[in-house]
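Engineer: next input, structure requested:
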Amino acid sequence: MNSTSKIDTDALTILMIGCSELAISVATLLAELGHGIFILDSSSEALGKLPDGKVEDGHITPLLTTMSLQNDLLQPSIPEPDVFIAITESDTQNALSAQLAQKLLRPEKIICRIENIDLQEMYLQSDIVAISGKNIITKMIVDSVGT
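Structural biologist: Numbers count the residues shown, from 1 in each chain. Model (predicted):
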């Protein structure tokens, strides 16, 4: 973080891989809660969609990467995260990122977007929080029906 950052002292440092619309939404909400977000993506266009105010005030730090994951995660500009979130559109990239973060960065919590149910089960057994949008939406619909 830069010295002008207004991040709360008890805030979490969160490292995210991927800058999709979903990732931007998650990063924005976490930044509004006072956490420091570092978001890696290989697309400067995607990173350019981050909210200017949150970037300017130091709550969100965009980092353009080559997405050669091991090298990117070991860059000096990458902080030691409390939480690591892999939220790209690719289950494979998310899974690989989560495993590398677990080995190299050792954050307290790893959250990984995995839509493939079989992969999701495997990662849940590896202390990685594996989340599927399909499962969450399915549950919400069933709960809304009231059965």
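Engineer: any buried residues in stretch 47-67, and which?
Structural biologist: Going by neighbour count (16 or more other CB atoms under 10 Å), the buried part of stretch 47-67 is 47, 50, 54-55, 58-63, 65, 67. Yep, even glycine has a C-beta here, placed from its N, CA and C like the rest.
Engineer: following the helix or strand hosting Ser25, which helix or strand shows up next?
Structural biologist: Element membership for Ser25, per DSSP states H and E: helix 21-32. Downstream of helix 21-32, the first helix or strand assigned by DSSP H and E is strand 36-41.
Engineer: which residues are contacting the helix or strand of the chain with the lowest mean pLDDT?
Structural biologist: Lowest mean confidence among the helices and strands of the chain (mean pLDDT, DSSP states H and E): helix 117-124, at a mean of 77. The contact list for helix 117-124 (CB atoms under 8 Å, 6 or more residues apart in numbering) reads 91, 95, 98, 112, 114, 130, 132, 135.
Engineer: re the thing from before, mind listing what's buried along the helix holding Ser25?
Structural biologist: 23-24, 26-28, 30-31.
Engineer: ok, now stretch 80-96?
Structural biologist: 81, 83-88, 91, 93-96.
Engineer: end to end, how far does stretch 80-98 reach?
Structural biologist: Stretch 80-98 stretches 14 Å from its first residue to its last (CA to CA, to the nearest Å).
Engineer: how far does that stretch sit from the chain's center?
Structural biologist: Centroid separation for stretch 80-98 versus its chain: 6 Å, with CA atoms, centre = their mean, to the nearest Å.
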